[in-house]
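1. Have a look; sequence and predicted model below, questions after that.
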Amino acid sequence: MENNKNQIVKIIINEASLNPKNKNLEQIRSIFLTPTHEINDSQFSEMGIFRQVKTSK
């Protein structure tokens, strides 16, 4: 979330857990982060700050 000055005021992360045996979704957890210092949205890259999780086949 950002305010009208393009500053990040909150980061919301939705974490999903899969069952490794049947690939069913087991749990979804929301995490809310609030920065302690001003962060402009231009400080984030196109890919963001997170990497895609690699799962075993």
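-> Nice, I can see it. If you're wondering where the values come from, they're calculated on a predicted model, not measured in any experiment. Residues are numbered from 1 along each chain as shown.
2. how about the strands of the chain, start to end?
-> Using DSSP state E, the strands found in the chain span residues 7-8, 11-18, 25-33, 39-40.
3. Determine which stretch of these is the most buried.
-> Highest mean neighbour count among those (mean count of other Cβ atoms under 10 Å): strand 7-8, with a mean of 16. For the C-beta atoms, the positions are set from N, CA and C on the backbone; glycine is no exception.
4. can you pull the contacts of the closest residue in space to Met1 that isn't next to it in sequence?
-> Among residues not flanking Met1 along the chain, Lys10 sits closest, at 4.4 Å (Cβ to Cβ, 6 or more residues apart in numbering). Residues near Lys10 by Cβ atoms under 8 Å, 6 or more residues apart in numbering: 1, 32-34.
5. Rebuild the residues you listed as a markdown table, extending it with distance to Gln43 and pLDDT.
-> Converted to a markdown table, the contacts of Lys10 look like this (distance: Cβ to Cβ, whole Å; pLDDT from 0 to 100):
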| residue | distance to Gln43 | pLDDT |
| --- | --- | --- |
| Met1 | 15 | 71 |
| Phe32 | 19 | 91 |
| Leu33 | 15 | 86 |
| Thr34 | 16 | 87 |
